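Visitor: can't give you the sequence, but here's the structure:
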């Protein structure tokens, strides 16, 4: 992998704050010495804050924000929004969640999470490794998209049955009862994306 292609994880708070303070200072063409003097901290301390070499107090951050003309609330709200356009979940690091069917040899790994009370979609990697005759039936708001990666199954949506083999996709109304009808070939790996819209 070339260095330019490396994926960067979410910044730690100290790194993020230091980066924002440095950007704001440079945007205003202010020298470290001037900002440090007005904020009543040493140049060395400001340099350490900008380079994430120290955790600083809220009082110091407040003084720096005053000097830079930046509300402290904006500084932290931007931290919470950083990377809101992208969320990387590495293989096998999805959060395992308990859903109906979990006790029947089915596992559900949540591949995404959204901050705040409103979630617009959820993505799961569903693994089924048994040939049980009983399967859970689901019903939920929004639209669901399934993509079969491995195995073979028959999926029910309402009174319709759909045979799925690797590479097949199925999109349907989540309000209509749905779920696996028959596991033809296990193990099964299924990508499930539920879009709840903008409720």
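Guide: In hand now; what should we look at? These numbers come from a predicted model, not from an experiment.
Visitor: Which strand runs longest in this protein?
Guide: The residue-count maximum for a strand in the chain (DSSP state E) belongs to strand 178-195.
Visitor: quick one: low-confidence ranges for this protein?
Guide: Where the chain drops to pLDDT under 70, the residues are 1-11, 77-105, 112-119, 131-134, 198-199.
Visitor: show me where it has strands.
Guide: Using DSSP E, strands in the chain cover 95-97, 106-110, 121-128, 143-157, 160-164, 169-173, 178-195.
Visitor: helices or strands next to the third one in the packing?
Guide: Yep, that's strand 121-128 we're talking about. On a contact count with 3 or more C-beta pairs under 8 Å, 6 or more residues apart in numbering; DSSP states H and E, strand 121-128 meets strand 106-110, strand 178-195. Any C-beta I mention is one placed from the backbone N, CA and C, and that applies to glycine too.
Visitor: Quick one: those strands as JSON lines, columns for mean neighbour count and distance to residue 68 too.
Guide: Converted to JSON lines, these look like this (neighbours: other C-beta atoms under 10 Å; distance: least, C-beta to C-beta, whole Å):
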{"stretch": "strand 106-110", "mean neighbour count": "18", "distance to residue 68": "38"}
{"stretch": "strand 178-195", "mean neighbour count": "17", "distance to residue 68": "40"}
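Visitor: To residue 50, which of those lies closest?
Guide: For these, the distance to residue 50 is smallest for strand 106-110, at 35.8 Å, taking C-beta to C-beta.
Visitor: Parallel or antiparallel, list what pairs with that closest one.
Guide: Strand 106-110 sits in its sheet next to strand 95-97 (antiparallel), strand 121-128 (antiparallel), going by DSSP bridges.
Visitor: tell me the angle of it relative to strand 178-195?
Guide: Calculated by axes from the mean of the first three to the mean of the last three C-alpha atoms, to 10 degrees, strand 106-110 forms an angle of 10 degrees with strand 178-195.
Visitor: Any idea how far strand 106-110 is from the middle of the chain?
Guide: Relative to its parent chain, strand 106-110 has a centroid offset of 16 Å by C-alpha atoms, centre = their mean, to the nearest Å.
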